[in-house]
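Undergrad: task: produce atomic coordinates for the following.
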Amino acid sequence: ELCLKGFYWTVDLDCQPCPDGTYCDEDGQAIQTHLPIAPEYWRISRTSVVVHDCPLVGACAGGMNFTHQGDSYCGEGYTGALCAVCGKNYYFNPDTKSCLACGDGVKISITLMIF
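TA: The predicted structure follows:
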């Protein structure tokens, strides 16, 4: 058994309180390299214990497994640091302050009239 609920097992082999933005609600659940990140939060690396608020509502999905540049913490359509970049085939909608799939939203039709 590693650490009690509310604490995580560090890379230095001791127990520390879980930072805000994480959930450590079971004994032995949390280790620093797989720290459970809550939705709406993000961290930069698998060993970082600095957990940031997500700047865009719904962009950060949270999770336990860190992948390339933290993208595994991002929701669909989001990528990059703090999940604040729209992914491929997504665009930023300033009205909703969210990334939407290309093709969603207003459709523009062009009519060509020849006389």
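Undergrad: any weak-confidence spans in this protein?
TA: For the chain, applying pLDDT under 70 flags the ranges 1, 68-70, 104-115.
Undergrad: what do you get if the cut-off is 90, keeping everything else the same?
TA: Scanning the chain for pLDDT under 90 picks out the ranges 1-2, 29, 34, 44-47, 63-73, 80, 103-115.
Undergrad: in it, which spans are strands?
TA: 7-9, 15-17, 41-42, 52-53, 78-79, 85-86, 90-93, 98-101 (DSSP state E).
Undergrad: please name every helix or strand in contact with the first one.
TA: Using 3 or more C-beta pairs under 8 Å, 6 or more residues apart in numbering; DSSP states H and E as the contact criterion, the elements in contact with strand 7-9 are strand 15-17. C-beta: built from backbone N, CA, C; applies to glycine.
Undergrad: cutoff 6 Å now
TA: Strand 7-9 is packed against no helix or strand, with contacts defined by 3 or more C-beta pairs under 6 Å, 6 or more residues apart in numbering; DSSP states H and E.
Undergrad: which residues are contacting it?
TA: 2-3, 15, 17-18, 24, 30-32, 35 (C-beta atoms under 6 Å, 6 or more residues apart in numbering).
Undergrad: what's the answer for the last one, then?
TA: Here strand 98-101 makes contact (C-beta under 6 Å, 6+ apart) with 77-78, 86, 90, 92-93.
Undergrad: before we move on, the earlier item: which among the strands of the chain is found nearest to residue 65?
TA: Of all the strands of the chain, strand 41-42 sits nearest to residue 65, with 13.4 Å by C-beta to C-beta.
Undergrad: how far out from the middle of the chain is the closest one?
TA: Centroid displacement of strand 41-42 relative to its chain, using C-alpha atoms, centre = their mean, to the nearest Å, is 5 Å.
Undergrad: look at the residue lying closest to residue 17 once chain neighbours are set aside and say how many residues are nearby.
TA: In space, and not counting its chain neighbours, residue 17 is closest to residue 7: 5.8 Å by C-beta to C-beta, 6 or more residues apart in numbering. A count of nearby residues for residue 7, using other C-beta atoms under 10 Å, gives 18.
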